[in-house]
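J.: Based on what follows, work out the 3D shape:
(2 chains)
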Number of protein chains: 2
Amino acid sequence: MPPLIVDIHTHVYPPSYMHMLRARKTVPYVHDPANNATPRLIILSSDDDPSIPVDQRGRPVDSSYSDINVKLAFMRRHGINCSVISLANPWLDFLEPDEAQTWAERINDDLEATCARVNNDADPNKTKALHEKETLFAFGALPLSAPSPDIVVNEIRRLKSLPHLRGVIMGTTGLGKGLDDSRLDPVWEALQDTESMLFLHPHYGLPDEAFGGPEATNRYGHVLPLALGFPLETTIAVTRMLLAGVFDRFPRLKILLAHSGGTLPFLAGRIESCILHERKFMANGGDVPGPQRSVWDVLSTNIYLDAVVYGTAGLKAAVTAAGGSDRLLFGTDHPFFPPLGKDDEEWPSVTTNYKAIHKAFESEGDTAAGVLGGNAARILNLK
Amino acid sequence: MPPLIVDIHTHVYPPSYMHMLRARKTVPYVHDPANNATPRLIILSSDDDPSIPVDQRGRPVDSSYSDINVKLAFMRRHGINCSVISLANPWLDFLEPDEAQTWAERINDDLEATCARVNNDADPNKTKALHEKETLFAFGALPLSAPSPDIVVNEIRRLKSLPHLRGVIMGTTGLGKGLDDSRLDPVWEALQDTESMLFLHPHYGLPDEAFGGPEATNRYGHVLPLALGFPLETTIAVTRMLLAGVFDRFPRLKILLAHSGGTLPFLAGRIESCILHERKFMANGGDVPGPQRSVWDVLSTNIYLDAVVYGTAGLKAAVTAAGGSDRLLFGTDHPFFPPLGKDDEEWPSVTTNYKAIHKAFESEGDTAAGVLGGNAARILNLK
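T.: Down below sits the predicted model:
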């Protein structure tokens, strides 16, 4: 039996979303160069540099971003049986309040329809096992800029009625003030109540000043914002949730952290030490409640990590921090990080993670198989 | 024979430095409360919050910061034989250009005199082995705000004539523009040429905006700036050095990174992947040189890591990224992170790291002994 390989970190911009981005002139937007070259996607504020001609800003965005057949070909080329697709950043964060609900429903219905069609085409008589076909499931998008959190809660509940939806994807701004905002409590409650997985993903990075100002940030292309800004953003977001007691109030919340938790597995010990030494927290005589549960408890209970960390060092920290490998899940970050050479070759960004998983767990029996697909199938009920 | 335990991450504010801080009214400064309570040390910009009465700003700074006898007692209580002391942040970064050289020489001569006196007191006849006494060595401070890098270079060369100096400690701003500033090349050259260890340590953290603004940053006391801002600052600084080709131009540079590299061991794979996918670099057809040596090569050649990471997850990432444990070095971060309870108890910030080292390497023979002291004695020539 071929191994089951599930990709839980793989993004799409559905055609309707691309159409919306083409109509925009501020980040995020898609620009079609005059010479009929590949369209440009400008999604990071650091991309929108006025000193760069607009035809060269951002990154080329080919059909891999919006054509599901290109993703299916990518899956076949890399031996992936099943992908849990999600809208790519910045999702619906930038929408006007009165558009958010409509767009969330439209995108999520699009995702459901795409999954249903692909899965039916792959297995019209529903006789094949998961590893014998290419199938799709999805994480839905949320209307976070809607006028009321109730609209977000309603969409979380509605997603449970869509057969191929398996949770939601979300950035780190929440309702605009970060994930330690108490106005998010109804959202956490709805996610916990519906047993929905929350895929927490970065987009906003860090202020340019963190890297030495805009000049320093841009000097090395996307490396500083993507290699460091993204994972640090995730780490800050989830630490703020922890410090605000979100995991104390919602102890059954399930959160899948992008890029193996940003840097959370590595910094967990330091975070815990700083909490235990913080005079401001009530446990130490201060007047701020502080978290009740430890970082380690949350890491081994509420948090799931993707294995998109490009090396054995990160994987070892991830499984050590989580107390085991059963919540570590393979992913690719497709269609980002394509090879810079020929279109038809294997993607180094994918093979690096495959190799790291095999090397990190070579002496541990079925661990690699779990990380590559078994864990995802069990946790997300993929069948 | 008792084990040799060397603490390579342990700070002092010599009395002359404390005197200087007392005369200041802007960060960094020391404030003596009117009621004769313990003086307050205000060293982080986030500490200097005008909404907090000045008597309560920052942290209490007792004699453990400046009285070397308190450090010796701390060493005895925790079984530490040898400490490589360093001036605590923010070192001499804030000095006016014309004061920098004088203060660097004064501080470094103070450090040398303290080490000489303590070591002579402990072993007047020079007959004891390193593990039979408490001894001190030191990392020197640099006059980075001096009018010319030549003054920094001269101090690096002068330190080689001081018998107890074993390298230098430095923050992440360099000459004011970060560590990828080409004006630092003479400094790197002098460090390489004299085979001096550079202990790279954070101080400036991240802009408040990274944590959601000043209100969010301060909401949880020091946790966000210390637990996340510090390690992220270190990671950004060393990544900028790498991207600017510092390790290509100075391939024998030796850098000890505080807090196990900030997050570098965990993010090394992602950094390398982003470099390989960056269109701006010449290797990928762009016009920016980009680094020639890989992150992994630098991690296993130039970089040394302290073991101040408070957990096995971080330690496993550190040794995996470095390709072994022979450049991993025990440290305490004393006198920071004191216990919040009784003065005379063991420090949990120290015992957490002891326990993590023993647990991470319990099945690996002499590895723990190397990390606890053997590596430091060999690398820094402590005898």
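J.: Not counting sequence-adjacent ones, nearest residue to the residue in the stretch 101-250 of chain A that chain B sits nearest to?
T.: Per C-beta to the nearest C-beta, the residue of the stretch 101-250 of chain A with the smallest distance to chain B is A:Gly221, at 3.4 Å. Using the backbone N, CA and C atoms, a C-beta is placed for each residue, glycine as well. Distance criterion C-beta to C-beta, 6 or more residues apart in numbering or on different chains; nearest residue to A:Gly221, sequence neighbours excluded, is B:Lys280 at 3.4 Å.
J.: Give me the number of neighbouring residues for the one you found.
T.: 16 (other C-beta atoms under 10 Å in any protein chain shown).
J.: same check, this time on A:Asp67
T.: Neighbourhood size, A:Asp67 [other C-beta under 10 Å]: 14.
J.: The one 4 residues further on too?
T.: A:Lys71 sits with 27 neighbouring residues when counted by other C-beta under 10 Å.
J.: That one and B:Asp55, how far apart?
T.: When distance is defined by C-beta to C-beta, to the nearest Å, A:Lys71 is 61 Å away from B:Asp55.
J.: Please apply the same query to A:Ile275.
T.: A:Ile275 is 25 Å from B:Asp55, by C-beta to C-beta.
J.: ok, the residue sitting nearest the centre point of chain A to A:Pro149 distance?
T.: Central residue of chain A (C-alpha atoms, centre = their mean): A:His201, 3.8 Å from the mean position. Counting by C-beta to C-beta, the separation of A:His201 from A:Pro149 is 20 Å.
J.: Reduced to three states, what does the residue of the stretch 101-250 of chain A closest to chain B come out as?
T.: coil (DSSP: H, G, I helix; E, B strand; the rest coil).
J.: Make sure it is actually in contact with B:His277.
T.: No. Between A:Gly221 and B:His277 there is no contact under C-beta atoms under 8 Å: 9.2 Å.
J.: And the helices in the stretch 1-150 of chain A?
T.: With helices called from DSSP state H, counting those that start in this stretch, the stretch 1-150 of chain A shows them at A:15-22, A:68-77, A:97-122, A:149-159.
J.: Columns mean pLDDT on top of the ones you listed, output as TSV?
T.: Below are those laid out as TSV (pLDDT from 0 to 100):
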stretch	mean pLDDT
helix A:15-22	93
helix A:68-77	96
helix A:97-122	96
helix A:149-159	98
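J.: Turn these into TSV, including distance to chain B.
T.: As requested, the helices of the stretch 1-150 of chain A are arranged in TSV below (distance: least, C-beta to the nearest C-beta, whole Å):
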stretch	distance to chain B
helix A:15-22	21
helix A:68-77	16
helix A:97-122	21
helix A:149-159	18
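J.: Relative to A:Leu372, which of these is closest?
T.: For those, the distance to A:Leu372 is smallest for helix A:68-77, at 13.3 Å, taking C-beta to C-beta.
J.: which strands and helices sit next to the closest one?
T.: Packing contacts for helix A:68-77, counted by 3 or more C-beta pairs under 8 Å, 6 or more residues apart in numbering or on different chains; DSSP states H and E, involve strand A:6-12, strand A:82-87, helix A:97-122.
J.: Recalculate using a threshold of 10 Å.
T.: Under the contact criterion of 3 or more C-beta pairs under 10 Å, 6 or more residues apart in numbering or on different chains; DSSP states H and E, helix A:68-77 touches strand A:6-12, strand A:82-87, helix A:97-122, strand A:135-140.
J.: Adding distance to A:Ala129 and mean neighbour count, write the ones you listed out as TSV.
T.: TSV is the format used below for the helices and strands packed on helix A:68-77 (distance: least, C-beta to C-beta, whole Å; neighbours: other C-beta atoms under 10 Å in any protein chain shown):
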stretch	distance to A:Ala129	mean neighbour count
strand A:6-12	13	26
strand A:82-87	11	26
helix A:97-122	12	18
strand A:135-140	10	26
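J.: Tabulate these (TSV), appending distance to B:Leu264.
T.: Shown next, in TSV, are these (distance: least, C-beta to C-beta, whole Å):
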stretch	distance to B:Leu264
strand A:6-12	23
strand A:82-87	29
helix A:97-122	37
strand A:135-140	30
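J.: between those, which one is nearest to A:Pro28?
T.: strand A:82-87 (11.7 Å).
J.: Let me know the angle separating the closest one from helix A:68-77.
T.: Here the directions of strand A:82-87 and helix A:68-77 differ by 140 degrees (axes from the mean of the first three to the mean of the last three C-alpha atoms, to 10 degrees).
J.: Check the offset of strand A:82-87 from the chain's centre.
T.: With C-alpha atoms, centre = their mean, to the nearest Å as the basis, strand A:82-87 stands 10 Å off its chain's centre.
J.: can I assume A:Thr217 is in contact with B:Gly178?
T.: No. Using C-beta atoms under 10 Å, A:Thr217 is not in contact with B:Gly178; the gap is 11.1 Å.
J.: ok, whichever residue of the stretch 151-300 of chain A sits closest to chain B - how many residues close by?
T.: Using C-beta to the nearest C-beta, the closest approach of the stretch 151-300 of chain A to chain B is made by A:Gly269 at 2.8 Å. Using other C-beta under 10 Å, A:Gly269 has 25 other residues around it.
J.: ditto for A:Pro202
T.: By other C-beta under 10 Å, 24 other residues sit near A:Pro202.
J.: tell me which element it falls in.
T.: Using DSSP states H and E, A:Pro202 sits in no helix or strand.
J.: now do A:Leu198
T.: Secondary structure from DSSP H and E places A:Leu198 in strand A:197-200.
J.: How about the contacts made by the residue lying farthest from the centre of chain A?
T.: The C-alpha centroid of chain A is most remote from A:Gly285, which lies 37.9 Å away (C-alpha atoms, centre = their mean). Residues in contact with A:Gly285 (C-beta atoms under 10 Å, 6 or more residues apart in numbering or on different chains) are A:Arg279, B:Leu340.
J.: again, but for the one 5 residues further on
T.: Residues touching A:Gly290, when contacts are defined by C-beta under 10 Å, 6+ apart, comprise A:242-245, A:248, A:275-276, A:278, A:280-284, B:220-221, B:223.
J.: Then A:Pro251?
T.: Applying C-beta under 10 Å, 6+ apart to A:Pro251 gives the contacts A:Gln192, A:Gln292, A:Arg293, A:Asp297, A:Val298, A:Thr301, A:Asn302.
J.: From what I see, A:Ile5 and A:His131 are in contact.
T.: Yes. A:Ile5 is within contact range of A:His131, at 7.9 Å (criterion: C-beta under 10 Å).
J.: of those two, who's got more company?
T.: More neighbours surround A:Ile5 than the other of A:Ile5 and A:His131, with 22 against 17 (other C-beta under 10 Å).
J.: And the residue of the stretch 151-300 of chain A closest to chain B, which helix or strand is it part of?
T.: Judged by DSSP H and E, A:Gly269 forms part of helix A:264-276.
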